[in-house]
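> What follows is a predicted protein model with its sequence.
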Amino acid sequence: MKPHDLPHTVAELSRYPSAPQVRPLADILPDDPLLMMGAGPVPIPDAVARANSVVINHLGATMSTIISQVKEMARYVFQTRSDWVLGVAGPGSAAMEMAICNLVEPGTKVLCVRNGFFSGRMGEMARRLGAEVVDFDVSANTAASAADIERALDEHRPRCLTIVQGETSNTVFNRELPAIAKAAKARGCLVIVDAVCTLSTMPLEMDAWQIDAVITGGQKGLASIPGVSLIAFSNDAWAAIDARQTLNTHWCLDARLAENFWHKGGYHYTAPVSGVLALHEALRLVCAETLPVRFERHARCSLALQRSIEAMGLPLYTPPQARLNSVIGITVPSGIANTQVCAHISSRYHVEISGSFGLPIVRIGQMGEQCRAHNLFRTVHALGSTMRDLGAKVDLPTGMAELENCLQGAREV
Ligand SMILES: *Cc1c(COP(=O)(O)O)cnc(C)c1O
């Protein structure tokens, strides 16, 4: 086409509304970045940030090497020998939906163990697929009991059970997950576990605990970016997927289509290459640290944070027997709204923490880089000062001293 054949001249297109004039990011983002100590997204290590700035071909030899390393490292992190590890372009909820939509068909009976907001989401997703969902509501502030769930399994005979390892919304830890999974498998029920906030912060042994699908997001325990997630299916789960009678209605999340990319070097959709590279680096750092050392760092930091908050005079929301270490819930003194606390600690101290979904608590994460001594000191100081600024009575020096005492003598954190 010669220039004079162009269909429009600039003048002819003057009918377009004028392009928006916006502020560049540098004017919007704070000069002093906020310390991200909420329930996710969490701070990312430099290696992850650098990887996230690279774009490569989503197919071909380089990507193939990266994908195979991601799968190998993910198998270690999930503690599984299963080959059926796949990445997902999307949030933790997309990985969750991938687990559900591949294992659930219309009419499938699903027992949804509901501790709160996130665990309930799996039941919602199953219901949308036409599954017959039985909600098993666990009372507030308690972990799911294996004995109670065994009875529910006998009563309802579900094909799938969904459960969360750590319920981020109300900071409950389902410590009986191994016994619950075992009871379900003994009854031929597939076990789907949400480990979005817990993976790589505390033990999860997919094979030893007989879990059929584990899902995770990037931006929590793994300390990667949001938007690229991981899922692992057991051989039993994969056999169930292969034996499906109905077509998966989610094209992007169809595990058998995803297999083309994650196992056969072919095309499914254009993979989020930068995010996969970021995930690679996040996993590599987990492997370099090793799971046992990483678990210890998380436990030590989280417990020190819990002790110091209590020593300051602020009550923790969840009792110790059901308390999650990956995300800590703190009851806000009466007369103060959790939204006030979050706004003040952010604007005055540049520390970001989370409110909650209707509960009178604020939440502080202990995932990845959040579990470092320097971040803990800054956070505890900011939290205590915020409470004081808002008129609550707290003993900040005692809280700081308790943090120091708890971390003292620890392996470097
Ligand atoms: C954050 C979270 C999710 C949802 O992850 P998104 O990336 O926001 O979709 C699901 N489950 C748990 C336990 C979580 O902490």
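Arrived safely, thanks for sending. Numbering: from 1, shown residues only.

> Show the contacting residues for I353.
Counting by C-beta atoms under 8 Å, 6 or more residues apart in numbering, I353 touches M37, G38, V341, C342, I345, S346, V362, R363, I364, T379, L383. All C-beta spots, glycine's among them, are computed from the backbone N, C-alpha and C.

> Report the contact partners of E404.
Listed by C-beta under 8 Å, 6+ apart, the contact set of E404 is empty.

> mind saving the C-alpha coords of whatever helix or strand it lives in as PDB?
Using DSSP states H and E, E404 maps to helix 396-407. This file holds the C-alpha atoms of helix 396-407, laid out as PDB (Å, rounded to 0.1, in the frame of the first residue of the first chain):
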ATOM      1  CA  LEU A 396       6.000  -0.800  73.200                       C
ATOM      2  CA  PRO A 397       9.400  -1.100  75.000                       C
ATOM      3  CA  THR A 398       8.400  -4.400  76.500                       C
ATOM      4  CA  GLY A 399       7.200  -5.600  73.100                       C
ATOM      5  CA  MET A 400      10.400  -4.600  71.400                       C
ATOM      6  CA  ALA A 401      12.500  -6.300  74.200                       C
ATOM      7  CA  GLU A 402      10.400  -9.500  73.800                       C
ATOM      8  CA  LEU A 403      11.100  -9.600  70.100                       C
ATOM      9  CA  GLU A 404      14.800  -9.100  70.800                       C
ATOM     10  CA  ASN A 405      14.800 -11.900  73.400                       C
ATOM     11  CA  CYS A 406      13.000 -14.300  71.200                       C
ATOM     12  CA  LEU A 407      15.200 -13.700  68.200                       C
END
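
> Which positions within it qualify as buried?
By 16 or more other C-beta atoms under 10 Å, the buried positions in helix 396-407 come out as L396, G399, M400, E402, L403, C406, L407.

> any idea whether the most centrally placed residue in the chain is helix, strand or coil?
The chain has V196 as the residue nearest its centroid, 2.9 Å off, counting by C-alpha atoms, centre = their mean. At V196 the chain is in coil, as set by DSSP: H, G, I helix; E, B strand; the rest coil.

> hang on, isn't it packed against F118?
Yes. Using C-beta atoms under 8 Å, V196 makes contact with F118 at a distance of 7.2 Å.

> all strands in the stretch 201-350 of the chain, in order from the N-terminus.
Counting by DSSP state E, counting those that start in this stretch, the stretch 201-350 of the chain has these strands, from start to end: 213-216, 228-233, 327-331.

> How about residues contacting the last one?
Strand 327-331 is touched from outside by 39, 166, 168, 170-171, 197, 302, 305-306, 309, 314-318, 356, 359-367, 383, with contacts defined as C-beta under 8 Å, 6+ apart.

> ok, and which of those residues reach the ligand?
With C-beta under 6 Å from any ligand atom as the criterion, those include T168, C197 near the ligand.

> Check the gap between the residue nearest to L153 when sequence neighbours are not counted and L291 for me.
Nearest residue to L153 in three dimensions, chain neighbours excluded: R187, at 5.3 Å (C-beta to C-beta, 6 or more residues apart in numbering). With distances taken as C-beta to C-beta, to the nearest Å, R187 is found 30 Å from L291.

> and the two most separated of the contacts of I353?
Across the contacts of I353, the longest distance by C-beta to C-beta is 13.7 Å; it joins S346 and R363.

> Who has more neighbours out of the two?
Neighbour totals were compared for S346 and R363, and R363 leads with 25 against 18 (other C-beta atoms under 10 Å).

> dump the residue contacts of the residue nearest to the more buried one when sequence neighbours are not counted.
Sequence neighbours aside, S354 is the residue nearest to R363 in space, at 4.3 Å (criterion: C-beta to C-beta, 6+ apart). Each residue near S354 by C-beta under 8 Å, 6+ apart is listed here: G38, A39, C342, V362, R363, I364, G365.

> nearest to the ligand, of these?
Nearest to the ligand, judged by C-beta to the nearest ligand atom, of the contacts of S354 is A39 at 6.6 Å.

> Look up how far the ligand lies from V191.
16 Å (C-beta to the nearest ligand atom, to the nearest Å).

> need the residues of the stretch 1-150 of the chain near the ligand, please.
By C-beta under 6 Å from any ligand atom, the residues of the stretch 1-150 of the chain that approach the ligand are G40, P91, G92, S93, F118.

> My read is that the last one contacts V164, right?
Pointing back at F118 there. Yes. Between F118 and V164 there is a contact at 5.6 Å, judged by C-beta under 8 Å.

> Next, show the common contact partners of those two.
What both F118 and V164 touch, as defined by C-beta under 8 Å, 6+ apart, is the set D194.

> Between these two, tell me which one has more neighbours.
The neighbour comparison of F118 against V164 (other C-beta under 10 Å) goes to V164, with 32 against 21.

> which residues does that one bridge with?
D194 (DSSP bridges).

> Tell me, what's the model's pLDDT at it?
As predicted, V164 sits at a pLDDT of 98.
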